[in-house]
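Novice: I would like the atomic coordinates for the input below:
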Amino acid sequence: MSRVGKQSIAIPAGTTVSVQGRVVSAKGAKGAAEYTVPECIEVKVVDGKVRVERRGEGKREKELHGTTRNRLANLIRGVTEGYQKVLEVHGVGYRAQVQGRELQLSLGGASPYVYKIPAGVEVSVEGATKIMVKGIDNELVGSVAAKIRSYYPPEPYKGKGIRYENEHVRRKAGKTAAG
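Specialist: The predicted structure is shown next:
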């Protein structure tokens, strides 16, 4: 049995979880979300806890047991607390701003990068250099943050670019004059 898969998921107060066939729905303070469980996995809500069980002992069932349990735990945590990623923009004159459902990034080029913010995610900018990505879907929040970071990943010589809040950028020495 999967060590991760056999752990039950506690349902926090103020959150409701329901199972309709293969669709698991969760509603909480931050919103509502759904996840479709694979056919080889069974989900039960018992005594304020969610149990994930596999229907057989095949390779596919074993592979999906722990994965499904963690996806459901992320779903419940997302509707209860939400997820947040913080990005920092480093560089002289580099800034970010939100206009409607677009994030504009001035990163030293002739024209700014424009990123259309997808539904289900909120992006806000604090102090022109701190970008906060929030939402209830952990996967979506992470992919939006990664896409924004990909416009100008931090470079090792001057440290300019977009990085995660506590990301350490390993600096390199530049060219030295040969004497």
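Novice: which of the three states applies to residue 57?
Specialist: coil (DSSP: H, G, I helix; E, B strand; the rest coil).
Novice: and it, backbone torsions?
Specialist: phi -120, psi 20 (degrees, to the nearest 10).
Novice: and for it, the neighbour number?
Specialist: By the criterion of other C-beta atoms under 10 Å, residue 57 has 8 neighbours. No exception for glycine: its C-beta is placed from N, CA and C like everyone else's.
Novice: check the gap between the nearest residue to residue 129 once chain neighbours are set aside and residue 119 for me.
Specialist: Distances taken as C-beta to C-beta, 6 or more residues apart in numbering put residue 89 closest to residue 129, at 4.5 Å, once the chain neighbours are dropped. According to C-beta to C-beta, to the nearest Å, residue 89 stands 24 Å off from residue 119.
Novice: who's more crowded, the two?
Specialist: Shown here are residue 89 and residue 119; by other C-beta under 10 Å, residue 89 has more neighbours (23 against 7).
Novice: picking that back up, show me what the helix or strand hosting the residue nearest to residue 129 is packed against.
Specialist: Following DSSP states H and E, one finds residue 89 within strand 83-90. Under the contact definition 3 or more C-beta pairs under 8 Å, 6 or more residues apart in numbering; DSSP states H and E, strand 83-90 sits against strand 130-135, helix 138-150, strand 161-164.
Novice: can you list the strands that whichever helix or strand comes after it pairs with?
Specialist: The C-terminal neighbour of strand 83-90 among helices and strands, as given by DSSP H and E, is strand 95-99. Strand 95-99 pairs in its sheet with strand 102-106 (antiparallel), by DSSP bridges.
Novice: mean confidence score for the helix or strand that comes right after the strand it pairs with?
Specialist: For strand 102-106, the succeeding helix or strand toward the C-terminus, using DSSP H and E, is strand 113-116. Taken as a whole, strand 113-116 has an average pLDDT of 95.
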